[in-house]
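Would you be able to build a 3D model of this:
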Amino acid sequence: MLTDFTALGLARMQFAFTMSFHIVFPAFSIGLASYLAVLEGLWLWKKNPVYRDLFNFWKKIFAVAFGMGVVSGIVMSYQFGTNWSVFSDKAGPVIGPLMGYEVLTAFFLEAGFLGVMLFGEKRVGAGLHYLATVMVALGTLISATWILAVNSWMQTPAGYSINAKGQFVPEDWMAIIFNPSFPYRFVHMVLAAYLTTAFVVGGVAAWHLLRDNRSPAARKMFSMAMWMAVIVAPLQIAAGDIHGLNTLEHQPAKIAAMEGDYEPEKGSPLILFGIPDDQDEVTRYQISIPKLSALILTHSLDGEVKGLKSFPKDQRPPAQIIFYTFRLMVGIGFAMLAVGLWSSLRRWQGGALYQDRWLHRVALLMTPSGFVAVLAGWITTEVGRQPYTVYGLLTTAQSISPVAAPAVGASLMAFIIVYFFVYAAGIFYLLRLAKTTPDFASPDMINAPMMAAGTVPGPALAAGE
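As a prediction, this is how the structure comes out:
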């Protein structure tokens, strides 16, 4: 258990702490980099200054978030050598090259073009600057590809052999990279990044609309964010369902813990709420829908789904954690879909999309929802893999370094103190940037062509709606 103050328990807490801080920044920067590429492309195409203003507005926020993600990733990676050296020794021949490929491809690409994107607008041509923005966006996606290949291999190992030293040795790199769970995890994570960014953009736009619903930039931001929500949220729900079927095939114990099922049974119900008890092997106070879990997982009302009792106790993940994190992730996904559908209804009612203050308030409240969903999803994935680091082959207890608990505890406390100040300052600065007005171009400049023609456009037309 994570509450055990042993070297193993403290090392797991430290990795969970640093991972939780790290994962939210790549999830945001992946989506935001693509959004910046779209904004600059639309500016070059339509020459609407609103797109240029939004690009410059979000470019600053991206720079800060990207930097925080890089720093937190470096800190997290050091733990492989300090706390998890046995894992690094045994899985290093597979994990090491994949991490190296990320540096050689994604980091080099991002480092080469990030400066041009951030500071080169007036120093290089428009085409080269746009190329730099696209390359940064591509770099974030390539980085996600390699990291998810690593994590997916740990979940569904393939393409390896084990040598006399107990090390995992690569035999087929294509099988290692494109392991059985990689395509599903990659799609699920990238869509999660896009949804996270959409609701941050939508929340910031909603805050500005509540202050001034005539702001062309706020209107454009909100419109684009809500389009993303209504399109991507159903795709994410479908991708999550397919990913779940893949997990059922390769990690059935994880699915049993997520569902809160202890007894294997035909026509198993979908437990909407309950309190799993791993000790007594029962989920108490169930609120469930009969046979729905069997239908979702086996596409048959009478399909049989394995329960946790189908697996030895020492090979089960803790249902008391991932039962709730899974429901939190799914609940947020459906809430995102509801907001997207609500916005579409108001969009079809003329200008109501920019007048509905309740929609704006809800969108503002949903600003951190993507981060919460990403954290809940990663907790479900990683805790659901327990008791293994490499699923079915290397346990977490076997992976830890020969290090004393006080040493791990001291470094954990140091991380908590430093992160509290550094990341509090970073997040405070991000919020200050988000509060600044994105309307850098004068409204008179936007309206000038039509005013010269003798017409004064309404706010929606001025925003390019």
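
Need the contact partners of stretch 24-37.
With contact meaning Cβ atoms under 8 Å, 6 or more residues apart in numbering, stretch 24-37 is reached by 55, 58-59, 61-62, 65-66, 68-69, 72-73, 117, 130, 133-134, 136-137, 139-141, 143-144, 147, 189-190, 192-198, 200-201, 224, 370-371, 374-375. Where C-beta positions appear, they are placed from N, C-alpha and C, glycine not excepted.

Kindly recompute the last result at 6 Å.
58, 62, 65-66, 68-69, 133-134, 136-137, 140, 144, 193-194, 196-197, 371, 374 (Cβ atoms under 6 Å, 6 or more residues apart in numbering).

repeat for stretch 289-308
Taking Cβ under 6 Å, 6+ apart as the rule, stretch 289-308 contacts 248, 252, 256, 259, 261-264, 266-270, 316.

So what's the model's average confidence on the helix or strand hosting F113?
In this structure, F113 sits in helix 108-119 according to DSSP states H and E. The average pLDDT for helix 108-119 rounds to 86.

Also stretch 205-224?
Per-residue scores along stretch 205-224 average to 91.

got it, and stretch 350-365?
Per-residue scores along stretch 350-365 average to 90.

hang on, the earlier thing: give me the buried subset of the contacts of stretch 289-308.
Buried subset of the contacts of stretch 289-308 (neighbour count, 16 or more other Cβ atoms under 10 Å): 248, 252, 256, 259, 261-262, 264, 267-270, 316.

Now F21: closest residue in space, sequence neighbours ignored.
Setting aside the residues directly before and after it, F21 is nearest to S72 in space (Cβ to Cβ, 6 or more residues apart in numbering), at 5.2 Å.

State the helix or strand in which the one you found lies.
With DSSP H and E as the criterion, S72 is inside helix 49-82.

how about the next helix or strand after that helix: buried residues?
Counting by DSSP H and E, the next helix or strand C-terminal to helix 49-82 is helix 85-102. Neighbour-count burial for helix 85-102 flags 85-88, 90-91, 94-95, 97-99, 101-102 (criterion: 16+ other Cβ under 10 Å).

Between those residues, which sits nearest R357?
E102 (44.3 Å; Cβ to Cβ).

Please name the residues that touch the closest one.
143, 146.

Check the one 3 residues further on too.
By Cβ under 6 Å, 6+ apart, the contact set of T105 is I142.

one more time with 10 Å, if that's ok
138-139, 142-143, 145-146 (Cβ atoms under 10 Å, 6 or more residues apart in numbering).

Over to M76?
Contacts of M76 (Cβ under 10 Å, 6+ apart): 14-15, 17-23, 415.

repeat for Y78
Contacts of Y78 (Cβ under 10 Å, 6+ apart): 18, 411.

and T367, which of the three is it?
coil (DSSP: H, G, I helix; E, B strand; the rest coil).

Does anything pack onto the host helix or strand of F420? Which helices or strands?
With elements taken from DSSP H and E, the one containing F420 is helix 405-435. With contacts taken as 3 or more Cβ pairs under 10 Å, 6 or more residues apart in numbering; DSSP states H and E, helix 405-435 sits against helix 7-46, helix 49-82, helix 182-211.

Dump the ones you listed to a markdown table, plus distance to L394.
Below are the helices and strands packed on helix 405-435 laid out as a markdown table (distance: least, Cβ to Cβ, whole Å):
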| stretch | distance to L394 |
| --- | --- |
| helix 7-46 | 14 |
| helix 49-82 | 14 |
| helix 182-211 | 19 |
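
circling back: of the buried ones among the contacts of stretch 289-308, closest to G333?
L270 (15.5 Å).

Can you report phi and psi for that closest one?
phi -90, psi 110 (degrees, to the nearest 10).

What residues does it make contact with?
259-261, 287-297.

again with M135
33, 37, 109-110, 112-114, 116-117.

Buried ones among the contacts of M76?
The buried subset of these - by 16+ other Cβ under 10 Å - is 14-15, 18-23, 415.

burial measure for A217, as a count.
23 (other Cβ atoms under 10 Å).

That one touches V201, doesn't it?
No - using Cβ atoms under 10 Å, A217 is not in contact with V201; the gap is 11.2 Å.

hey, what's in contact with both of these two?
L54.

wait, isn't Q320 in contact with I275?
Yes - the pair Q320 and I275 qualifies as a contact (Cβ under 10 Å) at a distance of 8.3 Å.

Looking at those two, which is more packed in?
Q320 (17 against 13).

On the three-state scheme, the more buried one is what?
Applying three-state DSSP: Q320 is helix.

what bridges to the closest residue to it other than its chain neighbours?
Spatial nearest neighbour of Q320, chain neighbours left out: P276 (5.1 Å); criterion: Cβ to Cβ, 6+ apart. Judged by DSSP bridges, the bridge partners of P276 are T283.

okay, now P276: neighbour count?
By other Cβ under 10 Å, neighbour count at P276 equals 25.

go on, P368?
14.

repeat for the one 5 residues further on
By other Cβ under 10 Å, 25 other residues sit near A373.

who are the neighbours in contact with it?
Counted by Cβ under 10 Å, 6+ apart, A373 has contacts 27, 192, 195-196, 199, 236, 325, 328-333, 335-336.

H243 now?
H243 neighbours (Cβ under 10 Å, 6+ apart): 181, 183-189, 236, 377, 381.

Looking at these, which is nearest Y391?
Using Cβ to Cβ, the contacts of H243 come closest to Y391 at S181, 9.5 Å.

which ones are touching the closest residue to I321 other than its chain neighbours?
Closest residue in space to I321, ignoring its immediate chain neighbours: V383 at 5.0 Å, by Cβ to Cβ, 6+ apart. Residues near V383 by Cβ under 10 Å, 6+ apart: 2, 12, 16, 254, 257, 317-322, 325.

which of those residues are buried?
12, 254, 257, 317-322, 325.

what's the spatially closest residue to R52 that is not a sequence neighbour in contact with, if anything?
Nearest non-adjacent residue to R52, counting by Cβ to Cβ, 6+ apart: W43, 4.6 Å away. Contacts for W43 (Cβ under 10 Å, 6+ apart) come out as 49-56, 126, 130.

Which of the contacts of A373 has the largest number of neighbours?
F199 leads the contacts of A373 on contacts (other Cβ under 10 Å) with 32 neighbours.

wouldn't that one be in contact with M336 here?
Yes - F199 is within contact range of M336, at 6.7 Å (criterion: Cβ under 10 Å).

Find residues that contact each of the two.
228-229, 233, 366, 369-370, 373.

Make TSV out of the residues you listed and add secondary structure and distance to S152.
Output for the shared contacts of F199 and M336, formatted as TSV (DSSP: H, G, I helix; E, B strand; the rest coil; distance: Cβ to Cβ, whole Å):
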residue	secondary structure	distance to S152
M228	helix	25
A229	helix	27
A233	helix	23
M366	coil	29
S369	helix	25
G370	helix	21
A373	helix	19
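
Now, of these, which are buried?
228-229, 233, 366, 369-370, 373.

Just name the closest of those to P406, please.
The closest of the buried ones among the shared contacts of F199 and M336, once distances to P406 are taken by Cβ to Cβ, is A373, at 35.9 Å.

returning to that earlier point: nearest to Q398, of the buried ones among the contacts of M76?
F15 (15.5 Å).
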